[in-house]
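show me the folded form of this:
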Amino acid sequence: MRRRRIFTPFIVVAAMSLSSIGVAVAAPADSAARIVDTAIASDTLRTLSVDSPAMGGIVEVQVLTPAVKTGSRPTLYMLSGIGEEDPHNSMWLRKGGAAEFFADKNVNVVLPLAGPGSFYTDWQRDDPKLGRYQWETFLTKELPPLIDAAVDGNGRNAIAGLSMGAQSAMMLAARNPDVYSGVASYSGCFASSEPLGQASIRAIVGAFGGNADNMWGGPLDPAWAEHDSVVNAESLRGTDVYVSVGTGAPGPHESFDSAAALDVVVVGGLIEVGANYCTHRLADRLGQLNIPATFDFTETGTHSWPYWVDQLPKSWPTLAGSLGI
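Residues are numbered from 1 along each chain as shown. Below you'll find the predicted structure:
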């Protein structure tokens with residue numbers, strides 16, 4: 001394990017608007033979630049349209065299955081970050097090479113679509129801009145039995161994510177150890193209740209026009225600590241954990257030949273510096289608790305897709321072990 005400590009604070013300009021008041025979330029309907037449509041793209045890729053009482057409507061998820069199917073198999077849920085430009089095709093497929101990587105592996109891979117600025121959590125209230133977000137209920141209660149029935153799942157699950165999805169994956173794993181046996185996190189931040197962590201989350205939600213007060217309440221609401229993976233690190237005991245992050249320094253995937261490339265170097269570099277700081281916070285806490293975990297602190301790397309593509313095969317042994325394959 002390579003560890004290079006970065007102490008630079010993660011500086012985020014947060015929009016702390018308290019003016020928008022959401023509508024209290026109604027209790028989910030008694031009817032169970034169900035798959036209402038299946039679109040087959042290939043022998044290994046399909047899109048399921050799920051009628052979710054918790055979310056109050058249809059949620060689409062893409063599902064990869066092995067090229068050669070050999071009976072029931074475990075399931076890996078993979079969360080994206082904030083850049084899901086295409087609501088019908090996961091970035092894990094478009095940029096992450098997931099279809100090719102998992103083609104020969106005996107695992108189902110579930111790719112939830114949409115959820116911008118959601119942190120894949122249950123919001124306290126409906127948001128006037130973003131609508132109803134009850135992602136934790138959807139992902140941990142409604143969806144797993146549907147996936148197992150539709151694609152021969154065996155009831156064993158793990159979860160992985162990048163950037164916003166990395167924080168969400170770790171949080172969901174800590175809050176639902178009975179659902180996920182393993183978690184992988186790439187370039188995430190985990191201390192949601194600390195001032196910088198909360199400011200970062202509020203800025204991300206605000207970038208999509210939402211109000212984070214509708215998610216976990218005001219700045220002093222205990223829900224922020226309840227969703228903090230550093231505070232609740234003890235809940236990760238017994239879960240197989242893999243975490244990776246770069247330093248923010250340009251590495252083998254950077255170039256300087258265009259404005260877009262320079263943006264990755266500057267902006268992506270600064271974001272990864274923050275993620276590095278956050279990842280050390282989690283590593284230190286797990287170390288204090290003597291909870292085993294695998295951390296890969298790479299010597300370089302910005303907050304960008306090529307490095308997450310590199311990390312997928314590096315994290316697979318941890319995820320595969322947690323899934324029993």
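
can you name the farthest residue from the center of this protein?
Asp257 (31.1 Å; Cα atoms, centre = their mean).

that residue and Val264, how far apart?
As judged by Cβ to Cβ, to the nearest Å, Asp257 and Val264 stand 11 Å apart. All C-beta spots, glycine's among them, are computed from the backbone N, C-alpha and C.

before we move on, back to that, before we move on, which element is the residue farthest from the centre of the chain in?
Using DSSP states H and E, Asp257 maps to neither a helix nor a strand.

where is the longest strand in the protein?
Of all the segments of type strand in the chain, defined by DSSP state E, the longest one is strand 153-162.

average model confidence for the helix or strand Leu143 falls within?
Assigned by DSSP H and E, Leu143 belongs to helix 143-151. When pLDDT is averaged along helix 143-151, the result is 98.

then stretch 50-58?
97.

any idea where the helices of this protein begin and end?
Here the chain has its helices, by DSSP state H, at 91-94, 98-102, 135-137, 143-151, 164-175, 195-207, 213-216, 223-226, 259-263, 269-288, 305-323.

right, so of those, which gets closest to Ser49?
helix 143-151 (11.0 Å; Cβ to Cβ).

residue contacts, Thr38?
46-49, 150 (Cβ atoms under 8 Å, 6 or more residues apart in numbering).

got it, and Gln198?
Neighbours of Gln198 in contact, by Cβ under 8 Å, 6+ apart: 14, 192, 212, 219, 224.

retrieve the pLDDT associated with it.
pLDDT, read off for Gln198, is 96.

which of the contacts of Thr38 are buried, as a PyMOL select command?
Per 16 or more other Cβ atoms under 10 Å, the buried members of those correspond to this PyMOL selection:
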select buried, resi 46+47+48+150
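
nearest to His303, of the contacts of Thr38?
Nearest member of these to His303, counting by Cβ to Cβ, is Thr47, at 28.1 Å.

just checking, the closest one touches Leu64?
No: with contact defined as Cβ atoms under 8 Å, Thr47 and Leu64 do not form a contacting pair (10.9 Å).

list the contacts of Arg46.
With Cβ under 8 Å, 6+ apart, Arg46 has these contacts: 38-40, 62-63, 65.

among these, which two are most distant?
Ala39 and Thr65 (14.0 Å).

who has more neighbours, those two?
Thr65 (23 against 12; other Cβ atoms under 10 Å).

so how far is Met164 from Thr121?
11 Å.

before we move on, what about Ser258?
Ser258 is 26 Å from Met164, by Cβ to Cβ.

look at the two and report which has more neighbours.
Met164 (27 against 9).

excluding its backbone neighbours, what's nearest Cys278?
Closest residue in space to Cys278, ignoring its immediate chain neighbours: Cys189 at 3.6 Å, by Cβ to Cβ, 6 or more residues apart in numbering.
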